[in-house]
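Trainee: Compute the structure for the input listed below.
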Amino acid sequence: MKNLIRALSLVLIVSFVLLYIVHRLNTAQGYTGENTITVYNWGDYIDPELLDQFEDETGIKVIYETFDSNEAMLTKIEQGGTSYDIAVPSEYMIDKMKQEDLLLPIEHAQLPNLKNMDPRFLNLAFDENNEYSIPYFWGTVGILYHPDKVSDEIDFKQWDDLWHPSLKNDVLLVDGAREVIGFGLNSLEYSLNETDKARLLEAKNKLDTLTPNIKAIVGDEIKLLMQNNEAAVAVLWSGTAQDAMWENESLEYTVPEEGSNLWFDNMVIPKTTKNKEAAHQFINFMLDPKVAAQNAEYVGYSTPNKAALPHMDEETTSDERFYPDEEQTAKLEVYENLGKQMLAYYNELFLEFKMHRK
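Mentor: Residues are numbered from 1 along each chain as shown. The predicted model follows:
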């Protein structure tokens, strides 16, 4: 009898352990349920306190996973092994995901806070009528620099200032094909979405002549390098620039007059979702003015939530370097999905440019 009891006890213990392991695996892999959603976002791109607040207000647990590129995010969602309820891709990737039928339409009736958005950032070409996405953050690509480390002849109102001989081995570039090929195109007054291969090659050849000035092509560390005075100039995203400027007040940021990129990261609901209603609740929560304001102040990027601006530091929201007016934004271009072949050509040119430096 004792042996039977021991055997039954062992079976129960093993069963509980297995159930616990399965639960942990499900959680780690982002499986969702009735009271859980899995959010897939860029690294350090949300105030963690807001996740706790959402859980407290709704009783819905949030599993939070991160990615470091649109392409990595797309691959994971295409594989379908994880049931993501929310993802935050960039504009050109949203267009691509729509074409590949990876997204569910957004039910606007479930988003009463959508009224808080700035109309400038709604109904854009990559997602007309915001059928599949809702703006999360936006910004520009521009030039961050140390005024005391550059020649008085340079004000970076033109992209060509990056080629100034005084900047030898003193320019950092963000490691992105669209961004780097993009400012090469802008410097020639061509579109960021250029598909003429002759013009693209012309831009790449011009970038090759920038090689003597390039100190490094880097990723996230570009912010730390700039705030620590490791280089005089960097081409990067506005939010990264603003983060660096908070740490080093001597830095300046500008967008050259020829134009640049106006980028968007938007919230979407992948078809992998198993909790569509909760996904809408999360989006609506993030559109609350106070929530959006807190998130923008934590992340450092510009919020598209117009009703959030009065809840933020006026010094920040009135800074036209990071909240440009309509006249300024009219000169900027949103990246378009150029198709696999053309994007591959951009990447090929960028790789050749990087190899040219060696």
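Trainee: helices or strands up against whichever strand in the chain runs longest?
Mentor: Secondary structure of the chain read by DSSP state E shows that its longest strand is strand 134-145. Applying 3 or more Cβ pairs under 8 Å, 6 or more residues apart in numbering; DSSP states H and E, one finds that strand 134-145 contacts helix 177-187, strand 233-237, helix 238-247, strand 252-254, strand 262-267. (Glycine included, C-beta is placed from N, CA and C.)
Trainee: tell me, which of those is the model least confident about?
Mentor: The minimum mean pLDDT among the helices and strands packed on strand 134-145 belongs to helix 238-247 (a mean of 91).
Trainee: Could you give the number of residues near Ala344?
Mentor: Ala344: 12 surrounding residues under other Cβ atoms under 10 Å.
Trainee: Report the separation between it and Ile37.
Mentor: 34 Å (Cβ to Cβ, to the nearest Å).
Trainee: Glu257 now?
Mentor: For Glu257 relative to Ile37 (Cβ to Cβ), the value is 43 Å.
Trainee: Tell me which of the two has more neighbours.
Mentor: Ranked by neighbour count (other Cβ under 10 Å), Glu257 and Ile37 place Ile37 first, with 29 against 13.
Trainee: Next, name the residue at the spatial heart of this protein.
Mentor: Asp265 (5.1 Å; Cα atoms, centre = their mean).
Trainee: Show me what that one is bridged to.
Mentor: Taking DSSP bridges as the rule, Asp265 bridges to Ser90, Phe137.
Trainee: Please list all residues in contact with it.
Mentor: 42, 45, 88-91, 135-138 (Cβ atoms under 8 Å, 6 or more residues apart in numbering).
Trainee: quick one: it from Trp237, how far?
Mentor: 10 Å.
Trainee: the helices in the stretch 1-150 of the chain, which residues?
Mentor: 2-28, 48-58, 70-79, 91-99 (DSSP state H, counting those that start in this stretch).
Trainee: out of the contacts of Asp265, which one sits closest to Leu104?
Mentor: Proximity of the contacts of Asp265 to Leu104 (Cβ to Cβ) peaks at Pro89, which lies at 13.8 Å.
Trainee: Now do the closest residue to that closest one other than its chain neighbours against Ala87, distance only.
Mentor: Of all residues not flanking Pro89 in the chain, Asn70 sits nearest, at 5.5 Å (Cβ to Cβ, 6 or more residues apart in numbering). Asn70 is 10 Å from Ala87, where distance means Cβ to Cβ.
Trainee: Neighbour count for those two, which is higher?
Mentor: Neighbour tally, Asn70 and Ala87, criterion other Cβ under 10 Å: the higher count belongs to Ala87, 30 against 21.
Trainee: Next up, the contacts around the more buried one.
Mentor: By Cβ under 8 Å, 6+ apart, the residues touching Ala87 are 39-41, 73, 77, 267-270.
Trainee: now with 10 Å?
Mentor: 38-41, 65, 67, 70, 73-74, 76-77, 93-94, 97, 102-103, 133, 266-270, 272-273, 279 (Cβ atoms under 10 Å, 6 or more residues apart in numbering).
Trainee: Now the element after the longest strand of the chain, going C-ward?
Mentor: strand 171-174 (DSSP states H and E).
Trainee: Tell me the gap between that following strand and the middle of its chain.
Mentor: How far strand 171-174 lies from its chain's middle: 18 Å, per Cα atoms, centre = their mean, to the nearest Å.
Trainee: next one: stretch 81-93
Mentor: Relative to its chain's centre, stretch 81-93 lies at 12 Å (Cα atoms, centre = their mean).
Trainee: Also stretch 341-358?
Mentor: On Cα atoms, centre = their mean, the centre of stretch 341-358 falls 22 Å from that of its chain.
Trainee: What average pLDDT does it get?
Mentor: 90.
Trainee: What strand or helix carries Lys215?
Mentor: Assigned by DSSP H and E, Lys215 falls within strand 214-218.
Trainee: Report all helices and strands that that strand contacts.
Mentor: strand 171-174, helix 222-227, strand 233-237, helix 340-356 (3 or more Cβ pairs under 10 Å, 6 or more residues apart in numbering; DSSP states H and E).
Trainee: Which residues outside the first one are in contact with it?
Mentor: Strand 171-174 is contacted by residues 141, 143-145, 162-164, 179-180, 183, 207, 210-223, 225-226, 230-237, 240, 353-354 when judged by Cβ under 10 Å, 6+ apart.
Trainee: among the residues you listed, which ones are buried?
Mentor: Those of the contacts of strand 171-174 that meet the buried threshold are 141, 143-145, 162-164, 179-180, 183, 207, 210, 213-218, 222-223, 225-226, 231-237, 240, 353-354, by 16 or more other Cβ atoms under 10 Å.
Trainee: which residues does the nearest residue to Asp243 once chain neighbours are set aside contact?
Mentor: With sequence-adjacent residues excluded and distances taken as Cβ to Cβ, 6+ apart, Asp243 is closest to Gly300, at 4.6 Å. If a contact means Cβ under 10 Å, 6+ apart, then Gly300 has 44, 137, 139, 223, 238-246, 316, 322 as its contacts.
Trainee: Any of these buried? List them.
Mentor: Among the contacts of Gly300, the ones that count as buried by 16+ other Cβ under 10 Å are 137, 139, 223, 238-245, 316, 322.
Trainee: Sounds good, over and out.
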